[in-house]
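> no sequence for this one, just the structure:
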């Protein structure tokens, strides 16, 4: 939800108050899907662990239960792959939307001929990159 993040842009036309702008984009859906799937996977894993340890005889006697467990595991694996790809694309979009050069290009004050605009710092995405690799 980048549209909720404000940043101040200086005004070089004599006004002392800077303009408050907002970033553009809402890339929360892939991240929410990724986290939601992780939570559901955790709950399923805990339930399966209880089934394996507490009701081992039921799991061994019933032939349909291992097949159902396998099918659910395959579904979670597929959705995990989809969620990781969606989160990777969402992170790429966030990086593009917060790239300093694109933000500077969007500022009207930086469009003058004699104006030089520089980014103070570049965003750090190390932990976000690690979350996609996992």
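Received it, and whenever you're ready, just let me know what you need. Nothing here was measured: the structure is a model prediction, and the numbers come from that model.
> where does the chain have low pLDDT?
1-24, 106, 108-110, 112, 119-122, 127-129, 131-134 (pLDDT under 70).
> run through the helices of it in chain order.
Secondary structure of the chain (DSSP state H): helices at 28-54, 56-61, 64-97, 100-106, 126-133.
> tell me the spacing between the residue of the chain positioned farthest from its centre and residue 68.
Distance from the C-alpha centroid of the chain peaks at residue 61, with 42.4 Å (Cα atoms, centre = their mean). Residue 61 sits 14 Å away from residue 68 when distances are taken as Cβ to Cβ, to the nearest Å. Quick note: C-beta positions are derived from backbone N, CA and C, even for glycine.
> same question, residue 45
From residue 45 over to residue 68 (counting by Cβ to Cβ), the distance is 15 Å.
> quick one: closest of the helices of the chain to residue 117.
Evaluated with Cβ to Cβ, the helices of the chain place helix 100-106 nearest to residue 117, the distance being 4.7 Å.
> now the helices of the chain in TSV, please, with extra columns for distance to residue 118.
Output for those, formatted as TSV (distance: least, Cβ to Cβ, whole Å):
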stretch	distance to residue 118
helix 28-54	30
helix 56-61	63
helix 64-97	19
helix 100-106	8
helix 126-133	23
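> just give me the residue right at the centre of the protein.
So for the chain, Cα atoms, centre = their mean, it's residue 31, sitting 3.5 Å from the centre.
> that one touches residue 89, doesn't it?
No - between residue 31 and residue 89 there is no contact under Cβ atoms under 8 Å: 10.9 Å.
> now the residue farthest from the centre of the chain: how far from residue 72?
On the measure of Cβ to Cβ, residue 61 and residue 72 end up 19 Å apart.
> also residue 98?
From residue 98 to residue 72 the distance is 38 Å (Cβ to Cβ).
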